[in-house]
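Q: The amino acid sequence is not available; the structure is as follows:
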């Protein structure tokens, strides 16, 4: 009994020394306006932070993806150019001069032609498959005479002639067609613009307003790299790509053969002239071209116009020459 009484007294003494403030209501701190209440920002703190985290994650993923894509694209182009350089080098191996053009210049021109073709082919492929790796959006902006800028929003509607209708923040109606941008008269609404043939809307050329279109692309880096790889494969292995390289090689080879045989034809001509020694021996055998006004026994550039059994001409080959060589044979 004494122990119980002593315990009660101890508890009473402990309670007596506590401040009455301990049992008062918790003090209230005024909320921070731009964190807790959202008075200076549009969303509460938690939602804003979560969005910031989500955006940061997406940005990080994009940056790493972009770096990977750029490395892949650059590495592929380097490898591709190594192949092109090897092709050009092999084409003019041991050629010091051809048709008056140094072999080094011919090799350089060949690289330029191949790079241009392959690059154009890749770009065309990417253009045709952009939907595989990018989202394209357009931002229409108008600059008024006073210099103020504003954006135009597509209404999804069109005029009676099919011209798309846009509207700015001030409610001004715009339409666009092949002739340019047009503004509707004051107090014209979208419905009136859509039925401008009924409401007799007056359209005026934008004039002081400068309307521009800004196209924006949102890329998926990995899909971009994959599409680029497919474009390179198509450029080299497609029917068009392979045929161009094959045609170039054969045309250059034919030109090199022509150059080599042209010298041999010249040697043969000199041999004939020396053999005849001023006597028209071939003409006695009727193996010569005879022009109406006379001429020498061997006419190498008449292409058998006058005698189908004359000595044959190097230039009288059966087919025309491709334009593939034009860009290569540039001094």
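A: Thanks, I have the structure now. Being a predicted model, the structure only gives us computed values, none of them experimental. Residues are numbered from 1 along each chain as shown.

Q: what domains does the record give for the protein?
A: The chain is divided into the following domains under automatic domain parsing: 45-132, 141-219, 261-325.

Q: Could you dump these into CSV with mean neighbour count, mean pLDDT and distance to residue 253 added?
A: To be clear about C-beta, it is placed using only N, CA and C from the backbone, and glycine gets the same treatment. As requested, the domains of the chain are arranged in CSV below (neighbours: other Cβ atoms under 10 Å; pLDDT from 0 to 100; distance: least, Cβ to Cβ, whole Å):
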stretch, mean neighbour count, mean pLDDT, distance to residue 253
domain 45-132, 14, 87, 8
domain 141-219, 15, 85, 43
domain 261-325, 13, 71, 11
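
Q: Now that we have the ones you listed, can you turn them into JSON lines and tack on distance to residue 239?
A: Shown next, in JSON lines, are the domains of the chain (distance: least, Cβ to Cβ, whole Å):
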{"stretch": "domain 45-132", "distance to residue 239": "12"}
{"stretch": "domain 141-219", "distance to residue 239": "29"}
{"stretch": "domain 261-325", "distance to residue 239": "16"}
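
Q: Helices of this protein, residue ranges please.
A: Under the criterion DSSP state H, helices of the chain are mapped to 2-16, 45-91, 103-128, 190-194, 196-199, 221-237, 239-276, 281-284.

Q: Quick one: closest of these to residue 206.
A: If you check each of these against residue 206 by Cβ to Cβ, helix 190-194 wins as the nearest, at 14.6 Å.

Q: possible to save the helices of the chain as TSV with distance to residue 160?
A: Conversion of the helices of the chain to TSV gives the following (distance: least, Cβ to Cβ, whole Å):
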stretch	distance to residue 160
helix 2-16	88
helix 45-91	43
helix 103-128	33
helix 190-194	7
helix 196-199	4
helix 221-237	41
helix 239-276	44
helix 281-284	83
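
Q: For residue 148, find the nearest of the ones you listed.
A: Closest approach to residue 148 among the helices of the chain is made by helix 190-194 (22.2 Å; Cβ to Cβ).

Q: for that closest one, packing partners?
A: strand 149-158, strand 164-167, strand 173-177 (3 or more Cβ pairs under 8 Å, 6 or more residues apart in numbering; DSSP states H and E).

Q: swap the cut-off to 10 Å and go again
A: In this structure, helix 190-194 makes packing contacts with strand 149-158, strand 164-167, strand 173-177, strand 180-184, helix 196-199, judged by 3 or more Cβ pairs under 10 Å, 6 or more residues apart in numbering; DSSP states H and E.

Q: got a list of contacts for the longest one?
A: Read that as strand 149-158. With Cβ atoms under 10 Å, 6 or more residues apart in numbering as the contact definition, strand 149-158 has outside contacts at 138-144, 163-170, 172-177, 181, 190-191, 193-195, 209-214.

Q: which neighbours does it have in its sheet, and in what orientation?
A: strand 134-143 (antiparallel), strand 164-167 (antiparallel) (DSSP bridges).

Q: Buried residues of the longest one, list them for me.
A: This means strand 134-143. 134, 140, 142 (16 or more other Cβ atoms under 10 Å).

Q: Export those residues as CSV, with columns for distance to residue 46.
A: As requested, the buried residues of strand 134-143 are exported to CSV (distance: Cβ to Cβ, whole Å):
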residue, distance to residue 46
134, 33
140, 36
142, 38
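
Q: Out of these, the closest to residue 205 would be?
A: So of these, ranked by how close each gets to residue 205 (Cβ to Cβ), first place is residue 142, at 13.2 Å.

Q: contacting residues for that closest one?
A: Residue 142 neighbours (Cβ under 10 Å, 6+ apart): 148-152, 166, 168-170, 172, 174, 181, 183, 206, 209-212.

Q: and if we set it to 7 Å?
A: Applying Cβ atoms under 7 Å, 6 or more residues apart in numbering to residue 142 gives the contacts 150, 152, 168, 209, 211.

Q: between these, which is nearest residue 123?
A: For the contacts of residue 142, the nearest to residue 123 is residue 211 (28.4 Å; Cβ to Cβ).

Q: want to throw the helices and strands packed on helix 190-194 into JSON lines with distance to residue 252?
A: Output for the helices and strands packed on helix 190-194, formatted as JSON lines (distance: least, Cβ to Cβ, whole Å):
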{"stretch": "strand 149-158", "distance to residue 252": "53"}
{"stretch": "strand 164-167", "distance to residue 252": "52"}
{"stretch": "strand 173-177", "distance to residue 252": "50"}
{"stretch": "strand 180-184", "distance to residue 252": "49"}
{"stretch": "helix 196-199", "distance to residue 252": "62"}
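
Q: Any idea which of these gets closest to residue 269?
A: strand 180-184 (67.1 Å).
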